[in-house]
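Chemist: have a look at this prediction, sequence included:
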Amino acid sequence: MSAHSAGDAPEMWTTRLRRRAVDALPPEKLLPDTQPSYVASWTYLFGALTIAAFLVVLVTGVVLGAEGPQWWHVSSTGLFLNSLHLWSVELFMAFMVIHLWGSFFMAAWRGKRALTWITGALCFLGSVGTALTGYVIQQNFDSQWISTEAKDGLNSVGIGSFFNVMNYGQMLVFHVVLLPVVVSILVGVHLLLVRRRGVVPPLDAVTDEAQEVTS
Amino acid sequence: MSRPVDPAQDWAGPTRPYDLLKEVVICVIVVTLLTTGLAVVFSSPDVPQITLSTWANSKPNDFVATAATELDGTSGSATYGAPYNDTKDAAMKLGPLELQRWAGVTTRVDSVNDFVVRPLSGVPGAPDLTTALDQWKAADRTQQQTWASAYDDALQKATDQDPAQVAAGDYGPVPVMLTSLLKMAQSGGLDGALLTQGQFYRTDYTRPLLFIADGTYLEDRAVGEHLAGEQWGMMNETGNYPGQAWLWLYTLWYQIEPFKSSGNADALVWGLMMLLTAGFVLVPFLPGVRSIPRWVPVHRLIWRDYYRSQRTSSTT
């Protein structure tokens, strides 16, 4: 039995997967140390700020979840953690909305980047759903009012028959497990697509062939 | 010589150094500091929850009036339709679509028994109540309805809906049952009874929340906190906190006609928002919408350095 290099075994699923992954996202694209010269605006920062806020949301949410849903009502430390979670969510949503508007006005879906836009839009929608489930599991007056009001909209289109915002247990699972996993996957795919396709060039951009960088 | 850039191709023009990792780390530090600052200065709201006990003690007349509507089947919950019961023509419609009804009854709520009769059946040592419940259970549904409706009507006419001011009449066991339910709620017993429904571990608050929402106490408190629908409450939060500001478009429709006065407002607004949401996701494929960035020169601001350098190079 002879040893094979990866190049000798193209029929292997693992080999094929690795090749396709490396072809789509070579290291210099995955972790770039240069960017096109037109990537020079504060607008671009809001993508990174959104990711940063998302990380803070996750970390504070994990601590709140680990201590249990009652903790923040009876502990000053818990209340502070809840405050961190709330404000990181507010920042996350604000940064993401600015990032979305920036991407819209850059027509960032051009050049086979439609899926990048779609995953970004789905990240926003998933985050709205996650935030709603967070509001209805607060176990206070806000959650009572929001859940009894939100039920009418959800019921009116049949969603409420399966997604009951007054069922605390169901909402807790959605908020701390299911939706964060979905949003995290969407964010991951979105980032990989951004790295794969690169940052969209300016509208009506032209290039001077004499300046083109040969690779 | 210059040529148009194909956005699908890798950029072949000039580049600049870019430290991705450093940018992300700095952003995390900045956001953490910003979040901490906001949390220290503003904290977060935590207005205590309403219980059936606080409601029954604060607004006993409203509690009894609500319980009377549960008993005669005219409350919001009793007449809601899917997913709580089979009330005919109660479900909202989206044009010809009856999505609410089609989704079916998945959390069955029997307001008479779930909210009144079953909790009272667990009250020990109350001979008057036992007699009243026996009388209620022995009667047929028509007789029960007659008693409950007569009492509900009389209560609506009484001063301040005060049970003590109800005119004399044939109400059967209803007054005793509702007085007992009020006492049970005031003592805190009804909160547990509605939640547990005979089980130890429960995490579904549908029934107690529906009962509370059938009264006016919850809504009055919400209006006081600027949380009602006509107050753009969907995007508000108790106190002066920003709430779910991202729901501004959703709540906007409830402020204007034809949604504002429609009996199908929820279905119409949700239908419209689902349509707009699909459009939002599919912007790259919508003719006209996808061209807006070309017509609105915001991109000239974002890429002003690039366009300036292009102008410079074209004039030299």
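Modeler: Done, it's in.

Chemist: using the three-state scheme, assign the spatially closest residue to B:Met184 that is not a sequence neighbour.
Modeler: Once flanking residues are discounted, B:Met184 sits nearest to B:Leu190: 4.9 Å by Cβ to Cβ, 6 or more residues apart in numbering or on different chains. (C-beta placed from N, C-alpha, C; glycine too.) Following DSSP: H, G, I helix; E, B strand; the rest coil, the label given to B:Leu190 is helix.

Chemist: B:Arg221 reaches B:Ile50, doesn't it?
Modeler: Yes - counting by Cβ atoms under 8 Å, B:Arg221 touches B:Ile50, with 6.8 Å between them.

Chemist: among the two, which residue is more densely surrounded?
Modeler: Between B:Arg221 and B:Ile50, counted using other Cβ atoms under 10 Å in any protein chain shown, the more crowded position is B:Ile50 (21 against 18).

Chemist: got the phi and psi for the more buried one?
Modeler: Main-chain dihedrals, B:Ile50, degrees, to the nearest 10: phi -90, psi 140.

Chemist: what does A:Thr34 give?
Modeler: Dihedral angles (degrees, to the nearest 10) for A:Thr34: phi -140, psi 160.

Chemist: any idea what it is bridged to?
Modeler: Note on A:Thr34: beta-bridge partners B:Pro17, judged by DSSP bridges.

Chemist: burial measure for it, as a count.
Modeler: By other Cβ under 10 Å, 16 other residues sit near A:Thr34.

Chemist: where do the contact lists of B:Arg221 and B:Ile50 overlap?
Modeler: Residues touching both B:Arg221 and B:Ile50 (Cβ atoms under 8 Å, 6 or more residues apart in numbering or on different chains): A:Phe141.

Chemist: and for residue 150, the neighbour number?
Modeler: The chain I'm using is chain A. By other Cβ under 10 Å, 19 other residues sit near A:Ala150.

Chemist: I was thinking of chain B, sorry if that wasn't clear
Modeler: B:Ala150 has 16 neighbours, counted by other Cβ under 10 Å.

Chemist: which residues does the residue in the stretch 201-316 of chain B that chain A sits nearest to contact?
Modeler: As assessed by Cβ to the nearest Cβ, chain A sits closest to B:Thr203 within the stretch 201-316 of chain B, at 3.0 Å. Applying Cβ under 8 Å, 6+ apart to B:Thr203 gives the contacts A:167-170, A:172.

Chemist: top of those residues by number of neighbours, please.
Modeler: For the contacts of B:Thr203, the largest neighbour count, defined by other Cβ under 10 Å, is 22 neighbours, found at A:Tyr168.

Chemist: could you find the closest non-adjacent residue to that residue?
Modeler: Leaving aside its sequence neighbours, A:Tyr168 sits nearest to B:Thr203 (Cβ to Cβ, 6+ apart; 4.9 Å).

Chemist: so A:Arg195 makes contact with A:Lys29?
Modeler: Yes - with contact defined as Cβ under 8 Å, A:Arg195 counts as touching A:Lys29 (5.5 Å).

Chemist: more crowded one of those two?
Modeler: Counted by other Cβ under 10 Å, A:Arg195 and A:Lys29 do not tie: A:Arg195 has more neighbours, with 18 against 15.

Chemist: who touches the host helix or strand of that one?
Modeler: Using DSSP states H and E, the element containing A:Arg195 is helix A:179-197. Helix A:179-197 has contacts (Cβ under 8 Å, 6+ apart) with A:24-25, A:29-30, A:32, A:47, A:51, A:54, A:58, A:61, A:111-113, A:115-116, A:119-120, A:122-123, A:126-127, A:129-130, A:133.

Chemist: of the residues you listed, which ones also sit close to chain B?
Modeler: Restricting these to those touching chain B (Cβ under 8 Å from any Cβ of the partner chain) yields A:32, A:51, A:111-113, A:122.

Chemist: most neighbours, which of these?
Modeler: Within those, most neighbours by other Cβ under 10 Å means A:Arg113, with 23 neighbours.

Chemist: check contacts around it.
Modeler: Here A:Arg113 is in contact with A:193, A:197, A:200, B:7, B:284 (Cβ under 8 Å, 6+ apart).

Chemist: swap in 6 Å and give it another go.
Modeler: Counting by Cβ atoms under 6 Å, 6 or more residues apart in numbering or on different chains, A:Arg113 touches A:197, A:200.

Chemist: torsion angles phi and psi at it?
Modeler: In terms of degrees, to the nearest 10, the main-chain angles of A:Arg113 are phi -110, psi 20.

Chemist: if I look at the residue nearest to A:Tyr168, how far off is A:His85?
Modeler: 21 Å (Cβ to Cβ, to the nearest Å).

Chemist: what comes up buried for the top helix by length along chain B?
Modeler: When every helix of chain B is counted residue by residue (DSSP state H), the longest turns out to be helix B:20-42. Within helix B:20-42, the residues that qualify as buried are B:23-24, B:27-28, B:31-32, B:34-36, B:38-39, B:42, counting by 16 or more other Cβ atoms under 10 Å in any protein chain shown.

Chemist: any of the contacts of helix A:179-197 buried? List them.
Modeler: Buried among the contacts of helix A:179-197 (16+ other Cβ under 10 Å): A:47, A:51, A:54, A:58, A:61, A:111, A:113, A:116, A:119-120, A:122-123, A:126-127, A:129-130, A:133.

Chemist: domain-wise, how is the chain divided?
Modeler: Defaulting to chain A. With domains defined by automatic domain parsing, chain A comprises A:40-106, A:111-199.

Chemist: my question was about chain B, not that one.
Modeler: With automatic domain parsing as the reference, chain B has domains B:52-224, B:283-316.

Chemist: point to the residue nearest the middle of chain A.
Modeler: Nearest to the mean C-alpha position of chain A, by Cα atoms, centre = their mean, lies A:Val187 at 2.9 Å.

Chemist: mind checking pLDDT for that one?
Modeler: We have a pLDDT of 98 for A:Val187.

Chemist: right, is the longest helix along chain A up against chain B?
Modeler: Ordering each helix of chain A by length in residues (DSSP H) puts helix A:76-105 first. Yes - judged by Cβ under 6 Å from any Cβ of the partner chain, helix A:76-105 and chain B are in contact via A:82-84, A:86-88, A:90, A:93, A:105.

Chemist: could you identify the helix or strand that succeeds that helix?
Modeler: Counting by DSSP H and E, what follows helix A:76-105 is helix A:114-136.

Chemist: check which helices and strands that following helix sits against.
Modeler: Where contact means 3 or more Cβ pairs under 6 Å, 6 or more residues apart in numbering or on different chains; DSSP states H and E, helix A:114-136 is packed against helix A:141-156, helix A:179-197, helix B:265-281.

Chemist: can you do 7 Å?
Modeler: helix A:76-105, helix A:141-156, helix A:179-197, helix B:265-281 (3 or more Cβ pairs under 7 Å, 6 or more residues apart in numbering or on different chains; DSSP states H and E).

Chemist: angle of the third one against helix A:114-136?
Modeler: When you say that, I think you mean helix A:179-197. Here helix A:179-197 runs at an angle of 160 degrees relative to helix A:114-136 (axes from the mean of the first three to the mean of the last three Cα atoms, to 10 degrees).

Chemist: quick check: mean pLDDT of the next helix or strand after helix A:179-197?
Modeler: Downstream of helix A:179-197, the first helix or strand assigned by DSSP H and E is strand A:206-208. The average pLDDT within strand A:206-208 is 77.

Chemist: direction included, what does strand A:206-208 pair against?
Modeler: strand B:2-4 (antiparallel).

Chemist: does B:Ala158 touch B:Val166 like I think?
Modeler: Yes - between B:Ala158 and B:Val166 there is a contact under Cβ atoms under 7 Å: 4.8 Å.

Chemist: more neighbours, the two?
Modeler: Neighbour comparison, B:Ala158 and B:Val166: the larger count goes to B:Val166, with 20 against 16 (by other Cβ under 10 Å).

Chemist: and that one, what does it touch?
Modeler: By Cβ atoms under 7 Å, 6 or more residues apart in numbering or on different chains, the residues touching B:Val166 are B:154-155, B:158.
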